[in-house]
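K.L.:
turn this into a model:
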Amino acid sequence: MDWTDEGIVLSARRHGESQAVASLLTRAHGRHAGLVHGGWGRRGRALLQPGNAVQARWRARIPEHLGTFTLEPNRGTAARLFHDPLRLAALASACALADAALSERERHPAVHDALAELLAALERDDAGWPEAYVRWEVRLLADLGFGLDLKTCAATGTESDLTFVSPRTGRAVSEDAAGPWREKLLPLPGFLAGTDGRNPAVARANPRARIKTIEAIAQGLALTAHFLERHVFAPHGQTMPAARRRLAALRLVGD
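P.N.:
Below is the predicted model of the structure:
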């Protein structure tokens, strides 16, 4: 067996003296593991930082074997974010989620492309990256078969004033339809409902708008966390990756 594909490093662990077992999200072959000779040396570990884009060649005698990776660097995203702890935390969280949520060797080209887009957003000087991160988790849920319906109200069919999400069905609920159930519903941030037209850079400079932005990002992370835990991790007796829990504890809108 022998194939070549573009991949994003999700994780790596030491194997033996200087080797490493790397987990990549490849575009055509899904989340795939392989042995990297020299992967735990200084140069190897620099290449195997989560978020780095690589060109991977995987070889094995039969498909069931772990196989070996030969990797060439394409883009070193991790090093570019080293100066920004918040963006680096988002990168670590996204890679850990993909590593834990995706079945091994199951193709998810849309998730690969969405993760590549998120990494590019993290590298840009763009204040809107926290919203891009939450949208990535929404896309991950959708690709796994647990998409959220945030376009219309589940009770009335209206497309306006959507402020909540049902924690059971993942469907949006309008302010008027929430009624006595509002305390049991999940808040829907405006940037996911399509009702928030703010420029993130302008909002960051406005103290009141900045507070609302922080609250909206926290609501978005809580929303996606609920459905990730409910549908992806709990059924398999797993918990949310530690990197994702750390991200939720941070205030993702910088000063």
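K.L.:
distance of the residue positioned nearest the centre of the chain relative to Arg61?
P.N.:
The centre of the chain sits closest to Ala94, judged by Cα atoms, centre = their mean, with a distance of 3.3 Å. Counting by Cβ to Cβ, to the nearest Å, the gap from Ala94 to Arg61 is 33 Å. All C-beta spots, glycine's among them, are computed from the backbone N, C-alpha and C.
K.L.:
per-domain residue ranges of the protein.
P.N.:
Structural domains of the chain, as assigned by automatic domain parsing, span the residue ranges 2-76, 81-248.
K.L.:
and the longest one, how far out from the chain middle?
P.N.:
This means domain 81-248. Distance of domain 81-248 from its chain centroid, counting by Cα atoms, centre = their mean, to the nearest Å, is 9 Å.
K.L.:
list the residue ranges of the protein that fall below the pLDDT cut-off.
P.N.:
Applying pLDDT under 70 to the chain flags the ranges 195-211, 253-255.
K.L.:
tell me where the stretch 1-150 of the chain has strands.
P.N.:
2-15, 19-26, 30-36, 53-59, 68-75, 149-153 (DSSP state E, counting those that start in this stretch).
K.L.:
neighbouring strands - and their directions - for the first one?
P.N.:
Strand partners for strand 2-15, identified by DSSP bridges, are recorded as strand 19-26 (antiparallel), strand 53-59 (antiparallel).
K.L.:
which residues are in contact with Glu229?
P.N.:
Thr239, Met240 (Cβ atoms under 8 Å, 6 or more residues apart in numbering).
K.L.:
circling back: in JSON lines: the strands of the stretch 1-150 of the chain, plus distance to Pro167 and mean neighbour count.
P.N.:
Converted to JSON lines, the strands of the stretch 1-150 of the chain look like this (distance: least, Cβ to Cβ, whole Å; neighbours: other Cβ atoms under 10 Å):
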{"stretch": "strand 2-15", "distance to Pro167": "29", "mean neighbour count": "18"}
{"stretch": "strand 19-26", "distance to Pro167": "29", "mean neighbour count": "23"}
{"stretch": "strand 30-36", "distance to Pro167": "28", "mean neighbour count": "22"}
{"stretch": "strand 53-59", "distance to Pro167": "36", "mean neighbour count": "19"}
{"stretch": "strand 68-75", "distance to Pro167": "38", "mean neighbour count": "16"}
{"stretch": "strand 149-153", "distance to Pro167": "13", "mean neighbour count": "16"}
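K.L.:
pipe those into TSV and attach distance to Arg244 per row.
P.N.:
Formatted as TSV, the strands of the stretch 1-150 of the chain follow (distance: least, Cβ to Cβ, whole Å):
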stretch	distance to Arg244
strand 2-15	13
strand 19-26	16
strand 30-36	16
strand 53-59	21
strand 68-75	23
strand 149-153	21
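K.L.:
so which of these gets nearest Thr169?
P.N.:
The closest of the strands of the stretch 1-150 of the chain to Thr169 is strand 149-153. By Cβ to Cβ, the value is 7.8 Å.
K.L.:
which helices and strands does whichever helix or strand comes after that closest one pack with?
P.N.:
Per DSSP states H and E, the first helix or strand lying C-terminal to strand 149-153 is strand 162-165. Packed against strand 162-165 by the contact rule (3 or more Cβ pairs under 8 Å, 6 or more residues apart in numbering; DSSP states H and E) you find strand 149-153, strand 171-174, helix 175-178, strand 186-187.
K.L.:
pipe these into a markdown table and attach distance to Ala142 per row.
P.N.:
Listed next are the helices and strands packed on strand 162-165 as a markdown table, based on distance: least, Cβ to Cβ, whole Å:
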| stretch | distance to Ala142 |
| --- | --- |
| strand 149-153 | 10 |
| strand 171-174 | 14 |
| helix 175-178 | 23 |
| strand 186-187 | 17 |
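K.L.:
out of the ones you listed, which is closest to Leu86?
P.N.:
Of all the helices and strands packed on strand 162-165, strand 186-187 comes closest under Cβ to Cβ, at 22.1 Å.
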